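Chemist: Task: produce atomic coordinates for the following.
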Amino acid sequence: MKNYGFTTTILHNDRQKTIEQGSLHKPVHTSVAFGYADARQLASVFQGKEPGFRYGRQGNPTVSALEDKVNQMEQGVATLCFSTGMGAIGAVFQALLRAGDHMVSSAFLFGNTNSMWQTVAGQGVGVDFVDATDVAHVEAALKPETRIVFVETVANPRTQIADLQRIGELCAQRGILYVVDNTMTTPYLFRPKDVGAGLVVNSLTKSIGGHGNALGGSLTDTGAYDWNKFPNIYENYKKAAPAQWGIAQIRAKGLRDFGAALGPEAAHHIAVGAETLALRMERTCANALALARLLEQDERVAAVYYPGLESHPQHGIASELFKSYGSLLSFELKDGIDCFDYLNRLKLAVPASNLGDTRTLVIPVAHTIFYEMGAERRASMGIAESLIRVSVGIEDTADLLDDFASALNA
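Modeler: Below you'll find the predicted structure:
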């Protein structure tokens, strides 16, 4: 098959398999059960001897089509979809870690992921949080029982970037599973497979779906990790080739047993949204860079965090690895400017908690999504009380810049 570009591949991916009635989109299959004319075939499907659908919690034709689409984006060997991005991250713990294991995580994390790892730590798995912008910190935290290293490509909300390439090399040397959350870059800007990630997380709710109308998440096995090296694979999932062991165990222990199944209606919304991912990312990245430069030049702004700025500590890494710098930025206002008053003066940007929407969304970080973790933990992550996170949308650039500048001038 000819190698097409990113958008062409995603647009026509459904049509690589037969679609009912010649539909251009995979139809929405709402049934939770799938009948077979031959009971022996039903048994064969359940035993994994032939492909097929068992029950809606374990798979669905509409969800399967989305899995194929995401898998193409990440160039993986297999992808599983979940009801949310957190469901996908939870499945990593549920399916692959056991009491007594250890994991190393970047300290710069999405608030709910941080909360998840705190829960994991309370259930018998050791968790060390480190500054993953330097591979030396990750290496120093490794133990003989370390099973996973987990990082985000661009941290939410302060935009720190992990030492992605060198962490991948370290994990390969030590035989450790490298898990990378690609949500803030998306497969269009960066493929974690290129730095040795064995599993890739995407919150499909964000830029891949792109329109703020459906929740979803995914885990992609890139094929970069040798599952022979992972000690926690149960014998009954070793029937297939080793490359399939991890995804088979995650499907059973993380999707079937954990229950965070993606619904077909949401899968359809996400699949349609994904078709314009590249177009939207080009616009949002351009808008974000223009806005970051505007804010950086304003004397009323204390700090701006965006990888596209030369002042960003990891600008070099971002320039080397990413196609562009993403749609996430954050900034701090100088003392004496109330962040709530500023946000209320914005006319276009919407105070809301999502990311990767077509609309620009803003939120006062310390008072909302990171409030629960407390002032001490926020300070350790560099989150100031005045920090404002911006998920930049696809508005006309001039209108967006005028909105943020006018709110400063008021």
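Chemist: Enumerate the positions of the helix or strand bottoming out on mean pLDDT in the chain that are buried.
Modeler: Every helix and strand in the chain was compared by mean pLDDT, DSSP states H and E; the lowest is helix 374-380, with a mean of 81. Of the residues in helix 374-380, those buried by neighbour count under the rule 16 or more other C-beta atoms under 10 Å are Arg377, Arg378. Quick note: C-beta positions are derived from backbone N, CA and C, even for glycine.
Chemist: what do you get for stretch 189-199?
Modeler: By neighbour count on 16+ other C-beta under 10 Å, the buried set for stretch 189-199 is Leu189, Phe190, Arg191, Pro192, Lys193, Val195, Gly196, Ala197, Gly198, Leu199.
Chemist: Which stretches in the chain count as strands?
Modeler: With DSSP state E as the criterion, the chain has strands at 78-82, 102-106, 126-130, 146-152, 177-181, 199-203, 217-221, 301-305, 328-333, 350-351, 361-364, 387-391.
Chemist: Redo these as JSON lines? Include distance to Glu67.
Modeler: Shown next, in JSON lines, are these (distance: least, C-beta to C-beta, whole Å):
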{"stretch": "strand 78-82", "distance to Glu67": "5"}
{"stretch": "strand 102-106", "distance to Glu67": "25"}
{"stretch": "strand 126-130", "distance to Glu67": "29"}
{"stretch": "strand 146-152", "distance to Glu67": "22"}
{"stretch": "strand 177-181", "distance to Glu67": "18"}
{"stretch": "strand 199-203", "distance to Glu67": "11"}
{"stretch": "strand 217-221", "distance to Glu67": "7"}
{"stretch": "strand 301-305", "distance to Glu67": "34"}
{"stretch": "strand 328-333", "distance to Glu67": "26"}
{"stretch": "strand 350-351", "distance to Glu67": "31"}
{"stretch": "strand 361-364", "distance to Glu67": "27"}
{"stretch": "strand 387-391", "distance to Glu67": "25"}
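Chemist: would JSON lines of the ones you listed with distance to Gly209 and mean pLDDT be doable?
Modeler: Converted to JSON lines, those look like this (distance: least, C-beta to C-beta, whole Å; pLDDT from 0 to 100):
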{"stretch": "strand 78-82", "distance to Gly209": "11", "mean pLDDT": "98"}
{"stretch": "strand 102-106", "distance to Gly209": "24", "mean pLDDT": "97"}
{"stretch": "strand 126-130", "distance to Gly209": "29", "mean pLDDT": "96"}
{"stretch": "strand 146-152", "distance to Gly209": "18", "mean pLDDT": "98"}
{"stretch": "strand 177-181", "distance to Gly209": "16", "mean pLDDT": "98"}
{"stretch": "strand 199-203", "distance to Gly209": "9", "mean pLDDT": "98"}
{"stretch": "strand 217-221", "distance to Gly209": "10", "mean pLDDT": "98"}
{"stretch": "strand 301-305", "distance to Gly209": "25", "mean pLDDT": "97"}
{"stretch": "strand 328-333", "distance to Gly209": "16", "mean pLDDT": "97"}
{"stretch": "strand 350-351", "distance to Gly209": "17", "mean pLDDT": "96"}
{"stretch": "strand 361-364", "distance to Gly209": "14", "mean pLDDT": "96"}
{"stretch": "strand 387-391", "distance to Gly209": "13", "mean pLDDT": "96"}
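Chemist: of all those strands, which lies closest to Cys285?
Modeler: Nearest of those to Cys285, taken as C-beta to C-beta: strand 328-333 at 10.1 Å.
Chemist: Low-confidence regions, the chain specifically.
Modeler: Judged against pLDDT under 70, the low-scoring parts of the chain cover residues 1.
Chemist: what's the closest residue to Gly308 other than its chain neighbours in contact with, if anything?
Modeler: Once flanking residues are discounted, Gly308 sits nearest to Tyr325: 3.5 Å by C-beta to C-beta, 6 or more residues apart in numbering. For Tyr325, the contact set (C-beta atoms under 8 Å, 6 or more residues apart in numbering) comprises Cys285, Ala288, Leu289, Tyr306, Pro307, Gly308, Ala318.
Chemist: any idea how far Tyr325 is from Ser31?
Modeler: Distance of Tyr325 to Ser31, given as C-beta to C-beta, to the nearest Å: 43 Å.
Chemist: which other residues reach stretch 253-271?
Modeler: The contact list for stretch 253-271 (C-beta under 8 Å, 6+ apart) reads 14, 25-26, 28-30, 56-58, 60-63, 65-66, 69, 80-84, 87-88, 90-92, 94-96, 204, 208-209, 211, 213-217, 219.
Chemist: Among these, which lie within helices?
Modeler: Using DSSP state H, the members of those that fall in helices are 61-63, 65-66, 69, 87-88, 90-92, 94-96.
Chemist: List just the nearest of those residues to Ala375.
Modeler: Gly90 (27.0 Å).
Chemist: Taking the contacts of stretch 253-271, please make a ChimeraX selection of just the buried ones.
Modeler: Buried residues among the contacts of stretch 253-271 (16+ other C-beta under 10 Å), as a ChimeraX selection:
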select :14,26,28,29,56,58,60,61,62,63,65,66,69,80,81,82,83,84,87,88,90,91,92,94,95,96,204,208,209,214,215,216,217,219
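Chemist: ok, back up a step: quick one: closest of the strands of the chain to Lys239.
Modeler: strand 78-82 (15.3 Å).
Chemist: what's that closest one packed up against?
Modeler: Applying 3 or more C-beta pairs under 8 Å, 6 or more residues apart in numbering; DSSP states H and E, we find strand 78-82 packed against helix 61-74, helix 85-96, strand 217-221.
Chemist: Dump the longest one to PDB, keeping only the CA atoms.
Modeler: Okay, so that is helix 61-74. Taking C-alpha atoms only, helix 61-74 is exported to PDB below (Å, rounded to 0.1, in the frame of the first residue of the first chain):
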ATOM      1  CA  PRO A  61     -16.900  -2.100  15.500                       C
ATOM      2  CA  THR A  62     -17.200   1.700  15.800                       C
ATOM      3  CA  VAL A  63     -14.600   1.800  18.600                       C
ATOM      4  CA  SER A  64     -12.400  -0.700  16.700                       C
ATOM      5  CA  ALA A  65     -12.400   1.700  13.700                       C
ATOM      6  CA  LEU A  66     -11.200   4.500  15.900                       C
ATOM      7  CA  GLU A  67      -8.500   2.200  17.400                       C
ATOM      8  CA  ASP A  68      -7.200   1.600  13.800                       C
ATOM      9  CA  LYS A  69      -7.200   5.300  13.200                       C
ATOM     10  CA  VAL A  70      -5.200   6.200  16.300                       C
ATOM     11  CA  ASN A  71      -2.900   3.200  15.600                       C
ATOM     12  CA  GLN A  72      -2.100   4.600  12.200                       C
ATOM     13  CA  MET A  73      -1.400   8.000  13.800                       C
ATOM     14  CA  GLU A  74       1.100   6.500  16.300                       C
END
